[in-house]
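J.: My questions concern the predicted model and sequence given below.
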Amino acid sequence: MTSDSYPAFADLALAAPVLDALARIGYERPTPIQAESIPPLLQGRDLLGTAQTGTGKTAAFALPLLSRLDMGSKNPQVLVLTPTRELAIQVAEAFQTYAAAMRGFHVLPVYGGQNISVQLRQLRRGAHVIVGTPGRVMDHLRRGTLQLDDLETVVLDEADEMLRMGFIDDVTWILEHTPEERQVALFSATMPPPIRRVANKYLRAPAEVKIVNRTTTVERTEQKYWIVSGVHKLDALTRILEAENFDGIIVFVRTKTLTAELAEKLEARGYAAAAINGDMNQQQRERTIERLKNGKTDILVATDVAARGIDVTRISHVINYDIPYDAEAYVHRIGRTGRAGRSGKAILFVAPRERRLLRAIEKSTRQAITPMELPTREQVNSRRIEQFKVSITEAMEGEQMPFFHDLVQQYLDETDTDPQQVAAALACLAQRDRPLLLADTGTAERPPFKDTGDRGRTKKPAEKRRVESAEDTEKRQTTPRHKRREETEGIDMERFRIAVGRIHDVKPGDIVGAIANEADSDSVYIGRIALYDDYSTVELPAGMPREVFQHLKKVYVRGQSLRIESLDKAEKREKKKSVRKKTGAKKPGGKKPARTKPAGRKNPGKGKPKPPK
Ligand code: AMP
C-alpha cells in the first residue's frame with residue numbers, strides 16, 4: 001500500500017465520537033502506521049509495530065482502543081506502559097484529545113515522583129485508561145491499589161527504550177499480572193532480541209506492522225535539519241525566513257487547523273503567506289497556487305495531501321515545520337522544490353524525540369541531512385539593520401519625497417530641532433508596529449534540560465550534534481551503554497556524585513530511569529555512570545537549571561535519596577573532612593566539638609533529610 005492509497009479515517013470503522021474528535025483536530029488522513037494498525041487493533045488482535053515517534057503511533061493505538069471502550073465501566077480497560085514520565089503525560093494527553101467527544105472519559109497518568117496520595121485518590125475515582133511508567137505501575141499492583149481484573153489491552157510503547165532503561169523485567173512482571181485473555185500491542189522503533197523474546201512469549205499471532213521506507217533519491221536539494229531546542233518553532237521559522245534568500249516557500253504542517261493558524265501568524269509578521277489544505281475545493285486550491293506562481297503569495301502553509309502535485313518553479317525552499325510521518329512523505333514534500341532544473345533547499349524541524357525518524361529518513365533516502373545553525377539574534381539583527389538602511393535609500397527615490405521633504409522642513413522651522421533627531425523620531429514611527437531588533441528573550445539554545453515553563457522541550461544545542469550514519473544508529477541501538485556515551489559526544493558534560501551505590505543494590509538502569517524521568521533530560525544525554533560502594537557518579541549535561549538540580553536532590557532510587565551534588569564540590573568537601581580529621585580542627589561554623597554530638601546524629605543543626613515527595 002502506498003500512502004496515496006491509504007483509506008480515510010471514516011473508512012476505518014472507528015467509533016463516531018472518535019471520528020468527531022479527529023474532524024475537530026483537523027487530521028486529514030491516517031498516517032501509514034495508523035492505516036495498518038487500526039484494523040487489527042479494532043478486531044482485538046495482538047500487534048507488533050515497528051515505528052518511531054513522529055509516525056503517529058500514539059493515535060495508531062489510542063484511536064482503536066478508545067473506539068472499543070466500555071464507557072459503562074470505570075475499571076481500567078487499557079494500560080499503556082511508557083519508558084518515561086514525559087511520554088506517559090504526552091500519551092495521556094493524546095488519549096484525552098482523541099476522547100474529547102466521549103463524555104465521562106477518564107485517563108490517568110501514573111509515574112514516579114508524583115504525589116502518591118493524590119494518585120491513590122485518582123485511582124479510587126476510576127479511570128478507563130492508565131498510562132504509566134513500569135516502576136510506579138508495579139508499585140500500585142503490589143499495593144493492590146490498581147486493579148486490572150477488567151483489563152482488555154496492554155500497550156507497550158517504546159519497548160526498546162524501556163529495555164534500554166532497565167525496565168524490561170518490570171514490564172514482563174506487569175504482563176504476568178494481567179488477565180490471560182488481554183490483547184497486547186507492542187510498539188518499538190527497533191526490535192533487538194530481548195524485545196523479540198517478549199513479543200514471542202506474550203503476543204499471540206500478532207499482526208506485524210512495519211513501515212518499510214522505500215529507498216528514493218532526491219537530487220539537487222540541499223537538506224538540513226534543526227533540532228527544536230530553546231527557540232520556539234515559530235521564532236525559528238521567522239529567523240530562517242529573515243536570513244535565507246528565498247523566492248517561494250512551502251511550509252509543511254500536520255493539520256488543516258495549523259495551516260490556517262500558521263499562515264495567519266506569518267501574515268501578521270509581514271509575510272505574504274496563505275494556507276492550503278484538504279478542506280479547500282479545487283477552485284480555491286488552484287487560485288491559491290496561482291497566487292504563489294505569480295508572486296502575490298510567497299509562502300504556502302500546506303498539509304501533505306493539499307500539496308500533492310504542486311509544481312511551481314519558484315519554490316526555492318521547503319520547510320518541514322512538522323516532521324513527515326515517513327521517508328516517502330518526506331521525499332514527496334521536498335520534491336516540491338528543485339523543480340525545472342533549479343536547486344532547492346529543504347529544512348526539517350526535528351523534535352529531540354523524533355531523531356530516530358530523521359535517521360530513518362536519511363537511511364532510506366541514502367542521503368545525509370546535515371545540521372543547520374539557526375541564524376543568531378545578532379545575525380538577524382545586523383541583517384535587519386542593513387535592510388532598514390536599504391529601505392531608507394529606496395524611500396529617497398519615492399514619489400512622495402518632495403511632499404515629505406517640505407513637511408519635515410516645516411517642522412524644523414517651527415521647532416528648531418536637530419534634523420538628525422527628527423530623522424530618528426521618524427524611524428521610530430516607521431518601526432512602531434514591529435521592533436527593528438529582536439529582543440534578547442533569554443531563550444537562545446540552552447543545555448538539554450527541560451524548560452520548566454514549556455513542558456516537553458528538551459534542549460540541545462543543534463550545532464553540537466555529531467552527524468552519524470544510519471548504520472551507526474542501528475549499532476548504537478543494540479548497544480545501550482555505548483549509545484549513551486556516543487550520544488553525549490560533543491556536549492559539555494559535568495560529573496555529579498549521587499548518594500546511592502552498590503550496597504544499595506542499584507543498577508545503572510535505575511539511575512538512568514530516575515534521572516530521565518525526573519529531570520526530563522532525554523535519557524540519551526545521560527553520560528557515563530560509575531558505581532562505587534556507597535555512592536556513584538553520573539555525567540549529565542553541564543548547566544543544569546537550578547530547579548532541576550534542586551528537584552533531583554529529592555529523588556529516591558532504591559529507597560535512597562540521590563542527594564546529587566557536583567563531583568568537584570563533593571571532592572573538596574571530602575578533602576576538607578580528611579584534613580580536619582588529621583589535624584583535629586573544628587568544622588568551620590560548627591559550634592560544638594564532634595565528641596559532644598548526640599550519638600548517631602551525623603548532621604548537627606542541619607535539619608533532617610527530606611522525605612520523598
Ligand atoms: P506520535 O508519533 O504519536 O508521537 O505523533 C506525532 C505527531 O503527529 C503528533 O503531534 C500527532 O498529533 C500528529 N498526528 C498523528 N496522527 C496524525 C494524522 N493522521 N494527521 C496529522 N497529524 C497526526
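T.: Okay, I see it.
J.: Quick check: chain neighbours aside, which residue is closest to Pro40?
T.: In space, and not counting its chain neighbours, Pro40 is closest to Ala207: 3.7 Å by Cβ to Cβ, 6 or more residues apart in numbering. C-beta here means a position set from N, CA and C on the backbone, and glycine is covered the same way.
J.: what bridges to that neighbour?
T.: Beta-bridge pairing of Ala207 under DSSP bridges involves Leu47.
J.: That one and Ile38 touch, don't they?
T.: No. If you go by Cβ atoms under 8 Å, Ala207 and Ile38 don't touch, sitting 10.7 Å apart.
J.: Which one's more surrounded, the two?
T.: Neighbour totals were compared for Ala207 and Ile38, and Ile38 leads with 26 against 17 (other Cβ atoms under 10 Å).
J.: Please read off the pLDDT at that one from the model.
T.: As predicted, Ile38 sits at a pLDDT of 97.
J.: again, but for Ala430
T.: For Ala430, the predicted pLDDT is 87.
J.: need the residues of this protein near the ligand, please.
T.: 27, 29-31, 34, 53-59, 254-255 (Cβ under 6 Å from any ligand atom).
J.: buried subset of these?
T.: 27, 29-31, 34, 53-59, 254 (16 or more other Cβ atoms under 10 Å).
J.: Quickly list the domain ranges of the chain.
T.: What automatic domain parsing lists as the domains of the chain is 3-210, 221-375, 378-430, 462-572.
J.: which pair in the residues of the chain next to the ligand spans the largest distance?
T.: Spatial extent of these (Cβ to Cβ) is set by the pair Arg29 and Thr53 at 19.2 Å.
J.: returning to that earlier point: looking at the buried ones among the residues of the chain next to the ligand, which are in helices?
T.: Those of these mapping onto helices are Gln34, Lys57, Thr58, Ala59, per DSSP state H.
J.: quick one: the residue nearest to Pro40 from the ligand, how far?
T.: 18 Å (Cβ to the nearest ligand atom, to the nearest Å).
J.: sorry, back to before: how about the domains of the chain in a markdown table, adding distance to Leu436?
T.: A markdown table is the format used below for those (distance: least, Cβ to Cβ, whole Å):
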| stretch | distance to Leu436 |
| --- | --- |
| domain 3-210 | 36 |
| domain 221-375 | 12 |
| domain 378-430 | 6 |
| domain 462-572 | 26 |
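J.: hmm, back to that, would you list the buried ones among the residues of the chain next to the ligand in JSON lines and tack on pLDDT?
T.: Output for those, formatted as JSON lines (pLDDT from 0 to 100):
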{"residue": "Tyr27", "pLDDT": "91"}
{"residue": "Arg29", "pLDDT": "90"}
{"residue": "Pro30", "pLDDT": "93"}
{"residue": "Thr31", "pLDDT": "91"}
{"residue": "Gln34", "pLDDT": "95"}
{"residue": "Thr53", "pLDDT": "79"}
{"residue": "Gly54", "pLDDT": "81"}
{"residue": "Thr55", "pLDDT": "86"}
{"residue": "Gly56", "pLDDT": "90"}
{"residue": "Lys57", "pLDDT": "92"}
{"residue": "Thr58", "pLDDT": "95"}
{"residue": "Ala59", "pLDDT": "97"}
{"residue": "Arg254", "pLDDT": "93"}
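J.: Counting neighbours, what do you get for Leu348?
T.: 26.
J.: Check Leu429 too.
T.: For Leu429, using other Cβ under 10 Å, the count is 9.
J.: Next, count neighbours for Glu180.
T.: 5.
J.: Give the helix, strand or coil label for it.
T.: coil (DSSP: H, G, I helix; E, B strand; the rest coil).
J.: can you tell me how far it sits from the ligand?
T.: 29 Å.
J.: distance of that residue from Val80?
T.: Taking Cβ to Cβ, to the nearest Å as the measure, Glu180 falls 19 Å from Val80.
J.: Check Val555 too.
T.: Applying Cβ to Cβ to Val555 and Val80 gives a distance of 23 Å.
J.: How about Lys210?
T.: Between Lys210 and Val80 the computed distance is 21 Å (Cβ to Cβ).
J.: what about those two, which has more around it?
T.: For Lys210 versus Val80, neighbours defined as other Cβ under 10 Å are more numerous around Val80 (28 against 12).
J.: ok, Asp505 - contacts?
T.: Asp505 is in contact with Arg558, counting by Cβ atoms under 8 Å, 6 or more residues apart in numbering.
J.: for it, phi and psi?
T.: When read as degrees, to the nearest 10, the backbone of Asp505 gives phi 70, psi 30.
J.: One more: His317?
T.: Torsion angles, degrees, to the nearest 10, at His317: phi -140, psi 140.
J.: And it, how far from Arg333?
T.: 11 Å.
J.: Over to Gly248?
T.: Distance from Gly248 to Arg333, by Cβ to Cβ: 14 Å.
J.: And for Ile529?
T.: On the measure of Cβ to Cβ, Ile529 and Arg333 end up 40 Å apart.
J.: Which of the helices and strands in this structure ranks last by mean pLDDT?
T.: Across the helices and strands of the chain, mean pLDDT, DSSP states H and E gives its lowest value to strand 454-458, namely a mean of 32.
J.: Ala542 against Arg495, yeah?
T.: No. The pair Ala542 / Arg495 is not scored as a contact, 9.8 Å apart, by Cβ under 8 Å.
J.: The two: which has the busier surroundings?
T.: Taking neighbours as other Cβ under 10 Å, Ala542 and Arg495 compare with Arg495 leading, 17 against 12.
J.: remind me which residues of this protein are low pLDDT?
T.: 1-5, 212-219, 230, 339-341, 440-492, 517-525, 547, 580-613 (pLDDT under 70).
J.: Tell me which residue lies farthest from the centre of it.
T.: Relative to the mean C-alpha coordinate of the chain, counting by Cα atoms, centre = their mean, the farthest residue is Asp413 (60.1 Å).
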